[in-house]
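**Q** Everything below, folded, please.
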Amino acid sequence: MLETAILGFLYEQPLHGYELKHRVAQLTGHVRPIADGTLYPAIKRLERAGWIDRRTEPGSRAAPRHVLTLTQEGRDELRRRLAEADGVDVSDENRWFTVLAFLRHLDDAAAQAAVLRRRLDFLSQPSSFFYEGERPLRAEELTDPFRQGLLRIARATTRTELDWLRSTLALLGAAAD
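**A** Down below sits the predicted model:
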């Protein structure tokens, strides 16, 4: 999802590497810090693919800065990735947040709704962090207060997201009519 985040932030405006790293870290950094050894190779891959252009500008105090701009092909690639988000993109919370952060760049309300429906389908499946055989355990079945807390927090978060998904899908449906 690092590449998707890079494409998403550059879709909004040209940025130099430090600004881009800061924005990506704000989106995912509290969970997965972004190292230079991860960010800059990803930028180079996107550049080789023709999705990013790099130009050098004089630095304000010292060395020149490399400003990154999204090409039209990069814009198209971001929209493709957003429209096709499925599987782990909608089931892994960090990947989902990255998709959700940039889903507005997908101009078609029906395409946005399709992505949200895939997330809704995922969240509608019974699940837990803890199982008895194949059966998901509910918070009320556990005696460990910490595991109970984890499941209660997850349940509340899921309910809130389900409410948001349903209301947003209704809005997108109305926009498509």
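**Q** so who does Leu10 touch?
**A** Each residue near Leu10 by C-beta atoms under 8 Å, 6 or more residues apart in numbering is listed here: Leu20, Ile52, Leu68, Thr69, Leu70, Gly74. (Glycine included, C-beta is placed from N, CA and C.)
**Q** let's see 10 Å
**A** Contacts of Leu10 were listed using C-beta atoms under 10 Å, 6 or more residues apart in numbering, and they are 20, 23, 43, 46, 51-53, 68-71, 74-75, 78.
**Q** Kindly report the same for Leu142.
**A** Ser128, Phe130, Gln148, Gly149, Leu150, Leu151.
**Q** Check His16 too.
**A** Taking C-beta under 10 Å, 6+ apart, one finds Arg54, Arg55, Thr56, Glu57, Gly59, Pro64, Arg65, His66, Val67, Leu68 in contact with His16.
**Q** Strands of this protein, start to end?
**A** With DSSP state E as the criterion, the chain has strands at 15-16, 52-57, 65-70, 131-132, 135-136.
**Q** Just the contacts of Leu142: which are in helices?
**A** Gln148, Gly149, Leu150, Leu151 (DSSP state H).
**Q** For the contacts of Leu10, give me TSV that also has distance to Glu93.
**A** Below are those laid out as TSV (distance: C-beta to C-beta, whole Å):
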residue	distance to Glu93
Leu20	22
Arg23	19
Ile43	25
Leu46	24
Trp51	26
Ile52	27
Asp53	32
Leu68	27
Thr69	30
Leu70	26
Thr71	30
Gly74	26
Arg75	26
Leu78	20
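**Q** and the two most separated of the residues you listed?
**A** Greatest spacing in the contacts of Leu10, by C-beta to C-beta: Arg23 and Thr71 (19.0 Å).
**Q** Between these two, which is the more surrounded one?
**A** Arg23 (20 against 16; other C-beta atoms under 10 Å).
**Q** Model confidence score at the more buried one, please.
**A** For Arg23, the model assigns a pLDDT of 91.
**Q** Also Phe146?
**A** pLDDT, read off for Phe146, is 95.
**Q** so how many other residues sit close to it?
**A** Neighbours of Phe146 (other C-beta under 10 Å): 8.
**Q** Identify the residues contacting it.
**A** By C-beta under 10 Å, 6+ apart, Phe146 has no neighbours at all.
**Q** returning to that earlier point: list only those of the contacts of Leu142 flagged as buried.
**A** Neighbour counting with 16 or more other C-beta atoms under 10 Å marks Ser128, Leu150, Leu151 as buried within these.
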